[in-house]
Structures are given as structure tokens and as C-alpha cells.
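[1] Quick one, what's the 3D model for this:
(one chain, ligands or ions: 1)
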Amino acid sequence: MEKLIVGNWKMQKLFSDIHPYFKVFKHKMALKNIQLALAVPSIFIKPCLEEMINTPFILGAQDVSEYEEGAYTGEVSAVQLASMPVTFSLVGHSERRQYFHETSAIVLKKAQRLQAQGLFAILCVGETLEQKKDFKKIIQEQLKGVFTLNPAHLVVAYEPVWAIGTGQTATLEDIKQAHLYIKSFLSEGSRNFSSVKVLYGGSVNESNASSILSLDEVGGLLIGGASLNPSGFEKLIEGLGPNL
Ligand code: 13P
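    Purely as a prediction, here's the structure:
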């Protein structure tokens, strides 16, 4: 199965970084069974689309409004995203849940808005350190309502909060257990959901990416810090090849 590698720039990078970033990827990369994607700040979608021609990336946003359209200053709607050649958006990233108090109901609404426009929703879930022993309960709550979504346009990303930006990657066993749980939860609800890809994110880097991705349950990676430096990201991706 093709694996999906998504870089998440978060609130980083400047307009002037975009050209040099994609220049690094404008050579023929030996990608087998890998789809590359970037989630960029919405303000950079247009310049990224222009600069990423002849690179292997698809493009997406990091968030979307729960509202359809109207007087919501500062928000970007799914309709607006879909009016550009954008493929997906992240929803429910732990930084949104934590700092912007997004509930699972809001996250679900956002995913529904995206799918109504034919876009993919990458729905992020993951427990904090305090919740680690109850991770199943937490993930189940974060996936509430998931079966109202279209599985054909859905990706789930498991990102344990304690592993994000901390350098403390989850162990392969932790990742395997969480992914097995998510996969079984999804397939219990509806058989159509058993093919939904589940990505891992949290301190993925050049030295651990390949072993994480070689787990059968892992459908791809969601990478923050290690996607920011284009040469480093390119080396990380090239290093995945042999294990797929
Ligand atoms: P890091 O790879 O920097 O830990 O971030 C993970 C993440 O939050 C990606 O969405």
C-alpha cells in the first residue's frame, strides 16, 4: 500500500523561504510507493502551488473553518480551500485542540466541511502524557462521529502529544499498539473504514522514520520539525525507499 508522508510547517517559514525550499525537490526523486504532501499556512498556498511544479508534492492546509461561509473574520473555509488546487487539510491537530480549545465535535464538523468539498481530511488524534495509560478511551472520544465521514476521503494521524516536538519519539511497540487499536476501532464501526490510512507523528526524524514506516500498521508519517529544512527532509524521504 502506498504510504503518505506529510510535512507540517505549522506557523513557520516565510514567503521568501518557499522558492529555495521547493528547489531542493526539483530533481527526479526515487520514490516508490510514497506520496509526499505538505500542510502549509493558508497564506502560502498560492505561492507554494506555483513553486512546487515539477516536485512530487501535493498540497494542503493545516486547518479549516467549521463554518461554511460568511462573517467569520480570520477564518478560511473549505469552499475557499477547494477553490484552489488543494487536496486536503489537517483537522484536530493537538495544538488546535490544546491552544484553541477545539472539541471533537468541532473537529468533526471541520472534517465534514472538507469532505463536502471533495477534499481529504487528515484527522489528528493522540493522548497527553497524563492520559497515556487511558489512550484508548481518549482516542475513541477524539474519533467520535468518525463514521459519519466518507472513509474514501479520510486519513487518521496518531500523534501522541508527549512525542510532538519533544525529541521523545514513541517506541515502535507504542506505535504498533496505538495503530492496531485505531485500526480495529475503525473496522469495527464499518468495514469500509478498514482501509483508512493511519499515520504516525511525533518527533519523526531521519534516523527513526524508516523503522516506524516499516510497521505494517503505519500508513505514513506526519512530520513537523524534520520537514522544515528541505535538504534534511529530502534525505529523510530518500532514506525510506529500501524499506517499502
Ligand atoms: P514534530 O515532528 O516536530 O514532533 O511535530 C509533529 C507534528 O505535530 C506534526 O503535525
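[2] which ones are touching Gln112?
    Contact partners of Gln112, counting by Cβ atoms under 8 Å, 6 or more residues apart in numbering, are Thr148, Leu149. Just so you know, the C-beta spots here come from the backbone N, C-alpha and C atoms, and that holds for glycine as well.
[3] What strand or helix carries it?
    Following DSSP states H and E, one finds Gln112 within helix 104-116.
[4] Based on its surroundings, how many neighbours for His27?
    Residues within reach of His27, counting by other Cβ atoms under 10 Å, total 9.
[5] secondary structure class for it?
    Three-state call for His27 (DSSP: H, G, I helix; E, B strand; the rest coil): coil.
[6] separation between it and Met11?
    29 Å (Cβ to Cβ, to the nearest Å).
[7] Isn't Ala61 up against Ile43?
    No: at 10.1 Å, Ala61 does not count as touching Ile43 under the criterion of Cβ atoms under 8 Å.
[8] so which residue of the chain comes closest to the ligand?
    Gly224 (2.4 Å; Cβ to the nearest ligand atom).
[9] ok, which stretches of the chain are helices?
    All helices of the chain, identified by DSSP state H, fall at 15-23, 45-51, 78-82, 94-99, 104-116, 135-142, 172-189, 209-213, 230-238.
[10] what comes up buried for the second one?
    If you call a residue buried by 16 or more other Cβ atoms under 10 Å, then helix 45-51 has these buried ones: Ile45, Cys48, Glu51.
[11] go on, the third one?
    Neighbour counts using 16+ other Cβ under 10 Å place Ala78, Gln80, Leu81, Ala82 of helix 78-82 among the buried residues.
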